[in-house]
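**Q** sequence unavailable; structure follows:
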């Protein structure tokens, strides 16, 4: 990858992708691999051609982040559902016990 446009494109992606982002290195390596393959076929490609082929660096980063955020949101929803289910079971059990106690008082 001696092409300056490729280096600039990857540098921009690294700049836009948050440092604290999970799997940052893996994501960058995947993107590098795709771009390297494209650059082999198009040795003199420009930065604009890379943007046309892959999208802007910001778009690529947003796409990766939205995929991960969606997975996190799903996990969070599942946890909430499980916790709510447990709480409703506990509440139902307590209410049933209270009804037995009230029935025993009369």
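**A** Happy to help now that I have it. None of these values were measured; they are calculated from a predicted model.

**Q** residue boundaries of the helices in this structure?
**A** For the chain, applying DSSP state H gives helices covering 4-16, 24-41, 47-54, 57-105.

**Q** reformat those as CSV; add mean pLDDT.
**A** CSV is the format used below for those (pLDDT from 0 to 100):
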stretch, mean pLDDT
helix 4-16, 91
helix 24-41, 88
helix 47-54, 93
helix 57-105, 77
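
**Q** hey, which of those is tucked in deepest?
**A** helix 4-16 (a mean of 16; mean count of other CB atoms under 10 Å). Just so you know, the C-beta spots here come from the backbone N, C-alpha and C atoms, and that holds for glycine as well.

**Q** mind pulling the model confidence for the closest residue to residue 63 other than its chain neighbours?
**A** Among residues not flanking residue 63 along the chain, residue 55 sits closest, at 7.6 Å (CB to CB, 6 or more residues apart in numbering). Looking at residue 55, its pLDDT stands at 93.

**Q** ok, now how distant is residue 55 from residue 84?
**A** Computed as CB to CB, to the nearest Å, the residue 55 to residue 84 distance reads 39 Å.

**Q** likewise for residue 78?
**A** For residue 78 relative to residue 84 (CB to CB), the value is 11 Å.

**Q** repeat for residue 54
**A** Note on residue 54: its distance to residue 84, by CB to CB, is 42 Å.

**Q** state the number of residues packed around the residue nearest to residue 63.
**A** When neighbours are defined as other CB atoms under 10 Å, residue 55 has 13 of them.

**Q** for it, phi and psi?
**A** Per-residue torsions, residue 55: phi 100, psi 170 (degrees, to the nearest 10).
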